[in-house]
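Novice: What shape does this take:
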Amino acid sequence: MASIFGHVALGVTLGKLLLPDPRYLRYWLLAAACAFLPDIDVVGFRFQVPYASLWGHRGLTHSLFAAAMVASASVALVRLFHRQAGPPPGRLWVLVFLATASHGVLDAMTTGGLGVAFFSPFRLERYFFGFNPIEASPTGIRQFVGSTVWRVLQSEAIWVALPCALLLTVQRLFSRQTAVAR
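Specialist: Residues are numbered from 1 along each chain as shown. Down below sits the predicted model:
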């Protein structure tokens, strides 16, 4: 899996790109949390849930179906509790869906694990992309030390943080240019 740092960086970036107004900062943070949320399935290791099962790591919680459910629930909760202050529901749904789904995308670009069950619960096959530049992060905090942490963070700096920074820079330049043109 990619580390929490890579997932959160991509979630915040998606939030800033899709809801650029700073008053939506809380939704950037929601996107960051949703980008990491699929790894809740690692608790299954504690209960001997088989890795390759529906409920195993990179199974149902990493699927596009789960991303759609998280997005739908998030929009419903925001509409219930923040009627006037929330962003447009459709845009929020897209943000939360993309942030949650981005987790599986990053994991499918890593060098380890069993792949991602993108189409779970309908199909249990797991997938990797043909391009795997992100060093797989250990699943336990105790293993996330020493040279391992540096290899993971270096690969994420190149393949996650740098593209995020470039996208945010382009957005900033475009918004400045648009403001000057007005």
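
Novice: Ignoring the adjacent residues along the chain, who's closest to the spatially most central residue of the chain?
Specialist: By Cα atoms, centre = their mean, the chain has its centre lying nearest to residue 35, at 2.7 Å. Leaving out its chain neighbours, the residue that sits closest to residue 35 by Cβ to Cβ, 6 or more residues apart in numbering is residue 11, at 2.9 Å. Glycine gets a C-beta too; all of them are placed from N, C-alpha and C.

Novice: ok, that neighbour to residue 135 distance?
Specialist: Separation of residue 11 from residue 135 (Cβ to Cβ, to the nearest Å): 20 Å.

Novice: More neighbours: which of the two?
Specialist: residue 11 (28 against 20; other Cβ atoms under 10 Å).

Novice: Of all the residues in the helix or strand harbouring residue 153, which ones are buried?
Specialist: Using DSSP states H and E, the element containing residue 153 is helix 146-156. Neighbour-count burial for helix 146-156, counted by 16 or more other Cβ atoms under 10 Å, picks out 149, 152-153, 155-156.

Novice: Can you find the helix or strand of the protein with the lowest average pLDDT?
Specialist: When the helices and strands of the chain are scored by mean pLDDT, DSSP states H and E, helix 146-156 comes last with a mean of 84.

Novice: can you pull the buried residues of the next helix-or-strand element following it?
Specialist: Going down the chain from helix 146-156, the next helix or strand is helix 162-181, by DSSP H and E. Of all the residues in helix 162-181, those buried under the rule 16+ other Cβ under 10 Å are residue 164.

Novice: related to what we said a few turns ago, of the buried residues of helix 146-156, which is the nearest to residue 87?
Specialist: Distance to residue 87 across the buried residues of helix 146-156 (Cβ to Cβ) is lowest for residue 156, with 27.9 Å.

Novice: Find the residue ranges of this structure scoring beneath the pLDDT cut-off.
Specialist: Where the chain drops to pLDDT under 70, the residues are 1, 139-147, 179-182.

Novice: how about 50 then?
Specialist: Filtered on pLDDT under 50, the chain yields no residues whatsoever.
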